[in-house]
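*Asks:* Could you look at this predicted model? Sequence included:
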Amino acid sequence: MTTIAALWLPILVAAVIVFVASSIIHMAPLWHRGECPAPPDQDRIMDALRPFAIRPGEYMLPRAADMKAMKSPEFVDKLKRGPVILMTVLPNGPVSMGKSLGQWFVYCIVVGVLAAYVASRTLEPGADYLTVFRVAGATAFIAYAVALWQQSIWYSRPWSTTLKLTLDGLIYALLTGGAFGWLWPAAG
C-alpha cells in the first residue's frame, strides 16, 4: 500500500495543472460562452427586486411552507401563473474573483487528496502508469463532474450547461490521472 504522505507531489501538481487548465477554459471563448443569459428587460427586473434588499443566498419562488401547502389551490395557482424561480443572490458590488479562485484551488487539492486516498488504498508503489491513471482519473472525474448532474436533475439547470461542465470535469480528471501516473512513487 502507498501512503498518502508519499503522494503530496502528485496532489499539488494535479491541483496546479487543473487550476491553470480551468482558467484557460473559462477565459478563452470556448464552450462556456452564452451560459446564464440575461432575462428580458433585466434592468426592470433588477429595479423591481432592489427594494426588497434580498440578502445573498438561494431562494425559491413560489415557496410553500410545507407539503400540505404545496397541494393547496392557492399554491398550485401561483405555480401556474409563474414565474417559478430558483435564484441565487450574490453580494452587491463588483465581482471579486480572488476568494472564489482561492476556494477553487483548495477544492482542487481536496480532489487530489481524494484521488490519492483511493489510489493509495488500491495500488502499490511502482504501479504502472495506466493503472494509476485510471484509478486517480476516475476518482477525480467523480469529484469534478458527476456531482454536478444533480443540478440538472433537481434544479432545472440546462443539460447543455451540465454537459459542458462535465467536459471540463473530464479534462480535469485526465490531467489529474496523468499527474498521478507520472509522479507515482517507484517500488521500494
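*Replies:* Now that the structure is in, tell me what you want to look at.
*Asks:* which residue ranges form the helices in this structure?
*Replies:* Taking DSSP state H to define them, one finds helices in the chain at 8-27, 42-49, 67-70, 73-81, 97-122, 129-144, 149-155, 159-183.
*Asks:* would you list these in JSON lines and tack on mean neighbour count?
*Replies:* C-beta coordinates here come from the backbone N, C-alpha and C atoms, glycine included. Formatted as JSON lines, the entries for the helices of the chain read as follows, by neighbours: other CB atoms under 10 Å:
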{"stretch": "helix 8-27", "mean neighbour count": "17"}
{"stretch": "helix 42-49", "mean neighbour count": "10"}
{"stretch": "helix 67-70", "mean neighbour count": "10"}
{"stretch": "helix 73-81", "mean neighbour count": "11"}
{"stretch": "helix 97-122", "mean neighbour count": "16"}
{"stretch": "helix 129-144", "mean neighbour count": "20"}
{"stretch": "helix 149-155", "mean neighbour count": "13"}
{"stretch": "helix 159-183", "mean neighbour count": "20"}
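*Asks:* Mean pLDDT for those - can I get that in a markdown table?
*Replies:* As requested, those are exported to a markdown table (pLDDT from 0 to 100):
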| stretch | mean pLDDT |
| --- | --- |
| helix 8-27 | 95 |
| helix 42-49 | 95 |
| helix 67-70 | 92 |
| helix 73-81 | 94 |
| helix 97-122 | 96 |
| helix 129-144 | 98 |
| helix 149-155 | 94 |
| helix 159-183 | 96 |
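*Asks:* Switch the ones you listed over to CSV, and while doing so, append distance to Y59 to every line.
*Replies:* What follows is these, written out as CSV (distance: least, CB to CB, whole Å):
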stretch, distance to Y59
helix 8-27, 26
helix 42-49, 10
helix 67-70, 17
helix 73-81, 14
helix 97-122, 21
helix 129-144, 27
helix 149-155, 12
helix 159-183, 20
